[in-house]
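Asker: Any chance you could fold what I've pasted below:
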Amino acid sequence: MTSLQDSSPTAALRVAVVPDSFKGSARASEVAHAISAGFLSGADSLGREVRMTTLPFADGGEGTLEALIDAWGTEAIPVQTTDALNRPVISRLGLSADGKIAVVEAAEAAGLPQVADAPRQPLSATTYGLGALVSRALDLGAGQIILCLGGSATTDGGTGLLSALGAKFLDADGNQLQPGGGPLNDLHRIDISGLDPRAAGVVWQIACDVTNPLLGENGAAAVFGPQKGASPTDVAALDAGLARLADVLETVTGRALRDQEGMGAAGGLAFSLGSYFTVDLVPGWELVARVLDAHRVMGGADLVITGEGRLDSQSLQGKVVSGVLQAAGGDVIVIAGSVDLDPQVLEDAGILAAYSIASGPATLDELSADVLGLLRRTAYSVARTYLR
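Answerer: Okay, the predicted model is just below:
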């Protein structure tokens, strides 16, 4: 949190700026500071005093790492690992200022954007590369790991990650399975004698914004597999492989998780972890809010200004805007790249007003090129309107 201006609390309007990133254009911290600067300038032009707090935010998916390290005042830590196709890549993890909390994004080492240059490989895509990030967090002494699901190219039930931490997934002949969800159909037993014991000693919190179970028509393979290149035949093979994984894990651990909400997220990434460790699946925005003490900040503000690249129906379903609406103690205003909700929907949701940064017809590239300037200009107008 960054205080930009402080005045007498009895005289000043309390404003919290709590935006998501404008993906592909500006990170959440840049958006927050641009909105804050514009709003303060507008307030100054009217001679109004404002107590401003900025809180870069995220919904638990891509961008969460950046939002948290910006709030913590730390830098991302580079880690040499592999992507979902087992190609070398440098990924990042975040660490809180006190070193107690690490944040790992699935998209950093198992993400779709990293493999966009190659043909999709839904049966063999693996979460193995996430193991290096988790191991580095453990090496640094983190006692809590926040694992952000979302944007993954994988459907391996988290077996790749667990393999990287020392587990072995074996067929009936004792041979180690090849990476990915497809080979899980041949799973016979799991050897955890080499599993890193430190992984059981940390608090696992998993940011999860979907309620899909592991298997079936609403499961990881059926719902998300096609987005990762899976054909109908692939989907059937992946679902069968995950079912086999569930059978073996339930027999070994006694934990029946296949029907638990959220276990289908990111190709079942949390399933293997949850079978061996205690994991807490939390809606992404709520998890970020806990870490940043956002409920206190927003609950004590007269006005909360939030923002994201596109305000649409999905914004009201587990995204940052929906979280702000639940936590805000006062008015809520949204500044977005585009606003695609009717006024009645905005009113019913509890949004006082929504502003697009586009002053006229413009392409996405044109808006992205001057997004921070447009945010400042729009926030200036918001202040001039709201504070009259």
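
Asker: mind giving me the domain split of the chain?
Answerer: Here the domain parsing of the chain from automatic domain parsing is 2-56+302-386, 64-285.

Asker: Mind telling me which of these the model trusts least?
Answerer: For these, the bottom mean pLDDT is recorded on domain 2-56+302-386, which sits at a mean of 87.

Asker: Run the chain-centre distance for that one.
Answerer: For domain 2-56+302-386, the distance from its own C-alpha centre to the chain's C-alpha centre is 20 Å (Cα atoms, centre = their mean, to the nearest Å).

Asker: Going along the chain, name the helices of the stretch 51-200 of the chain.
Answerer: With helices called from DSSP state H, counting those that start in this stretch, the stretch 51-200 of the chain shows them at 64-72, 106-110, 130-139, 159-164.

Asker: that older thread, and the domains of the chain: which comes nearest His295?
Answerer: domain 2-56+302-386 (4.9 Å; Cβ to Cβ). C-beta coordinates here come from the backbone N, C-alpha and C atoms, glycine included.

Asker: So for stretch 210-226, first residue to last residue, what's the gap.
Answerer: By Cα to Cα, to the nearest Å, the extent of stretch 210-226 from end to end equals 16 Å.

Asker: So Val382: helix, strand or coil?
Answerer: Of the three states, Val382 takes helix according to DSSP: H, G, I helix; E, B strand; the rest coil.

Asker: before we move on, what about Ala354?
Answerer: For Ala354, the assignment made with three-state DSSP gives strand.

Asker: show me what contacts Val79?
Answerer: Val79 is in contact with 90-93, 132-133, 136, counting by Cβ atoms under 8 Å, 6 or more residues apart in numbering.

Asker: Could you give the number of residues near the residue nearest to it when sequence neighbours are not counted?
Answerer: Excluding its sequence neighbours, the residue lying closest to Val79 (Cβ to Cβ, 6 or more residues apart in numbering) is Arg136, at 4.9 Å. Neighbourhood size, Arg136 [other Cβ atoms under 10 Å]: 20.

Asker: Now do the closest residue to His33 other than its chain neighbours against Pro78, distance only.
Answerer: Leaving aside its sequence neighbours, His33 sits nearest to Thr54 (Cβ to Cβ, 6+ apart; 6.2 Å). Distance of Thr54 to Pro78, given as Cβ to Cβ, to the nearest Å: 26 Å.

Asker: okay, these two: which has more neighbours?
Answerer: Ranked by neighbour count (other Cβ under 10 Å), Thr54 and Pro78 place Thr54 first, with 27 against 11.

Asker: Tell me the first helix or strand C-terminal of the longest helix along the chain.
Answerer: Ranked by residue count and defined by DSSP state H, the top helix of the chain is helix 232-253. Later in the chain than helix 232-253, the nearest helix or strand by DSSP states H and E is helix 269-276.

Asker: Go ahead and produce CSV holding the CA coordinates of whichever helix or strand comes after that next one.
Answerer: Sequence-wise, the next helix or strand downstream of helix 269-276 (DSSP H and E) is strand 279-282. C-alpha atoms of strand 279-282 as CSV (Å, rounded to 0.1, in the frame of the first residue of the first chain):
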residue,chain,number,x,y,z
VAL,A,279,-4.1,-27.5,0.8
ASP,A,280,-6.6,-24.7,1.2
LEU,A,281,-8.4,-23.8,-2.1
VAL,A,282,-9.6,-20.2,-1.9
